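Chemist: give me coordinates for this.
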Amino acid sequence: MAKKLPKTDVVIIGVGWAGGIIASELTKNGLSVVGLERGKERVTEDYYMAHDELRYALRYDLMQDLSKETITFRSTEKIRALPMRQYGSFLLGEGLGGAGVHWNGQTFRFLPYDFKIRSMTEERYGKDKIPPEMMIQDWGITYDQLEPFFDKFEKTTGISGEENPLAGKRSNPYPTPPMLHTPSMKMFTEAAKKLKLNPYTVPSANLSESYTNPDGIARAGCQYCGYCERFGCEYGAKADPVVTVIPVAKKTGKFEIRTHSYVRRILHTGGKATGVMYTDLTTGEEIEQPADIVVSTGYVFNNTRLMLLSKIGKPYDSSSGTGVIGKNYAYQVIKGNAAGFFEDKFNLFAGAGSLGMSVDDYNGDNFDHSDLKFIHGGNIAHTVTGQRPIQNNPVPEESPRWGKEFKANSLKYANSVLSVGSQGSSMPYRHHYLDLDPTYKDAFGDPLIRITFDFEEQDRQLARYLSDRCAEIVQEMGGQNIMKLKELGPYEITTYQSTHNTGGVIMGENPGNSAVNNYMQMWDMENLFVVGASAFPHNSGYNPTGTVGALAYRTVDGILEYSKKGGLLV
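Modeler: All right, here's what the predicted structure looks like:
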């Protein structure tokens, strides 16, 4: 029998970016909120003098313990899924602040095209442009509707940036100026302009200067130490939930954080959520936390798995194409990259997670796809993220991989290799989805989440196209012995590519094709909100965090309205 606690106004499952934003805004508006985080407490002092590449980048100190809970993966429905026993393709964060602690800080807004992708694609190219198995759909919201919430997220986090000529219109400039430009960034800019492209500085949550946000949170500027992605920031210069929104919620006195609290079920009766059941990982005790409103703000896999375990919403069935929970899992096409070798030496060890230049000329529908065998595209960028010593040792393709010549080339080309990379979009397919694994279970005996996914011809065409464009820029920069992707093989889970997983509890215009409306409110359960990249019906050619933050702020408006009036908001 679970121990039952007094009811609260709102219970939040997962205290990362979305959970922290919602807790901050709801408590400022007088609601009492309990935040349940299955990981441990995190503070900036944890990272003082902790530039330890082995501990954080290779031994994944900030990540989820895969021996207790992991995912299973298969490329097709014809084969049995197997558990991910060690980290590879993507990394799963854990602890207060979630993945917002170890992200790199690149903070883009999805393009207007993303939110109306199906209607805009059909309008320009006709229905035949979309393969029958590709399940793209409009999001049920437009860029213009979401723009004020992008603006609010950027002001809270102090994003440093400059106007992107090919993006949606902005109501305000970025709150802080763009980051410093390195010599190689200037080379990229000149090369891009010669190719008649439109370069701009990557929008950055690594502050370019000291900044105080509208909530009165003051943070110092970035030191360009190069320890951002997979690391916490000891200066607080990189915006994360622990140094931005969580302190605001705590200050109200209406926010209680319970760490080591593993939520296993959302409780419900009569078509409404009544609270959650979680296990206290310090004692093993099962606890029931009643609440008037339940908000699930976990990572993609956690949000989807919790809906399935709690039997909320209709599970997706790939054979019939019906159901919504687990539908439209998407990833990202990262391998369309190019690198060149230079005679000059560069300081590549200084950097930041979102220090760089990029172009969007080949992103979204910013270019004509009439004669191309894919839709959408990707952001192309040269980033200077800090070439840490263990993981970086590039040599030309023809070089041996060991021995005297390998050592000589390693020394020759250290700090002389520049790369231009792409983040390709990922479209959903009927046979790509998330469900509960019938064989493998976690430490509590609950089924693991199972991924069924592989790259499609859309992805192969897109990757080759973006790789060629990256190579053109590297060549214009003066690179020699240019290495680029020749063919995109099958998706494999053992090599790191991106932690930009999306879908599973997607948003849309109606309950027939989506799980949540544009306030992230479940169609099937009006007092349950599910927030995160799990709501994306497809993945764009950008990092997802800025769009997650904007959707979280919009969700706040919905929850506040619901708390007063009840009922479906859409």
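Chemist: for burial, what's the neighbour tally of the residue nearest to residue 456 when sequence neighbours are not counted?
Modeler: With CB to CB, 6 or more residues apart in numbering as the criterion, residue 456 has its nearest non-adjacent residue at 6.1 Å, and that residue is residue 429. Any C-beta I mention is one placed from the backbone N, CA and C, and that applies to glycine too. By other CB atoms under 10 Å, 23 other residues sit near residue 429.
Chemist: which residues does residue 429 bridge with?
Modeler: Bridge pairing for residue 429 (DSSP bridges) gives the partners residue 134.
Chemist: what of the one 5 residues further on?
Modeler: With DSSP bridges as the criterion, the beta-bridge partners of residue 434 are residue 451.
Chemist: who touches it in this structure?
Modeler: Residue 434 sits next to 300-301, 304-305, 316, 326, 329, 449-452, 503-504 when contact means CB atoms under 8 Å, 6 or more residues apart in numbering.
Chemist: in helices, which of those residues fall?
Modeler: Taking DSSP state H, the ones among the contacts of residue 434 that sit in helices are 300, 301, 304, 305.
Chemist: format the residues you listed as a markdown table; extra columns: distance to residue 43 and pLDDT.
Modeler: Below are those laid out as a markdown table (distance: CB to CB, whole Å; pLDDT from 0 to 100):
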| residue | distance to residue 43 | pLDDT |
| --- | --- | --- |
| 300 | 26 | 98 |
| 301 | 26 | 98 |
| 304 | 30 | 98 |
| 305 | 29 | 98 |
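Chemist: just to revisit the earlier point, for the contacts of residue 434, which one is nearest residue 26?
Modeler: Nearest to residue 26 out of those is residue 300 (CB to CB; 22.9 Å).
Chemist: right, and the closest one touches residue 499 too?
Modeler: No - the criterion here is CB atoms under 8 Å, and residue 300 misses it with residue 499 at 9.7 Å.
Chemist: list only buried entries from the ones in helices among the contacts of residue 434.
Modeler: Among those, those classed as buried by 16 or more other CB atoms under 10 Å are 300, 301, 304, 305.
Chemist: and which of these is nearest residue 570?
Modeler: Closest to residue 570, out of all of those and judged by CB to CB, is residue 304, at 21.2 Å.
Chemist: count of neighbours near the spatially closest residue to that closest one that is not a sequence neighbour?
Modeler: With sequence-adjacent residues excluded and distances taken as CB to CB, 6+ apart, residue 304 is closest to residue 504, at 3.3 Å. Neighbour count for residue 504, taken as other CB under 10 Å: 33.
Chemist: is residue 504 bridged to anything, and to what?
Modeler: residue 327.
Chemist: isn't it up against residue 302?
Modeler: No - the pair residue 504 / residue 302 is not scored as a contact, 9.6 Å apart, by CB under 8 Å.
Chemist: quick one: contacts for the nearest residue to residue 148 once chain neighbours are set aside?
Modeler: Excluding the flanking residues, the one nearest residue 148 by CB to CB, 6+ apart is residue 171, at 6.7 Å. Residue 171 sits next to 147, 148, 151 when contact means CB under 8 Å, 6+ apart.
Chemist: so which strand or helix has residue 171?
Modeler: Per DSSP states H and E: residue 171 is located in neither a helix nor a strand.
Chemist: now do it against residue 555, distance only.
Modeler: As judged by CB to CB, to the nearest Å, residue 171 and residue 555 stand 20 Å apart.
Chemist: same deal with residue 14?
Modeler: For residue 14, the distance to residue 555 - CB to CB - is 13 Å.
Chemist: return the member of the ones in helices among the contacts of residue 434 nearest to residue 534.
Modeler: Among the ones in helices among the contacts of residue 434, residue 300 lies closest to residue 534 (CB to CB), at 4.6 Å.
Chemist: how much space separates the closest one from residue 15?
Modeler: Distance from residue 300 to residue 15, by CB to CB: 16 Å.
Chemist: report pLDDT for the closest residue to residue 342 other than its chain neighbours.
Modeler: What sits nearest to residue 342 in space, not counting adjacent residues and going by CB to CB, 6+ apart, is residue 416, at 4.9 Å. pLDDT for residue 416: 92.
Chemist: isn't residue 416 right next to residue 340, touching?
Modeler: No - between residue 416 and residue 340 there is no contact under CB under 8 Å: 9.5 Å.
Chemist: so which of those two has more stuff around it?
Modeler: The neighbour comparison of residue 416 against residue 340 (other CB under 10 Å) goes to residue 340, with 23 against 17.
Chemist: cool, thanks, signing off.
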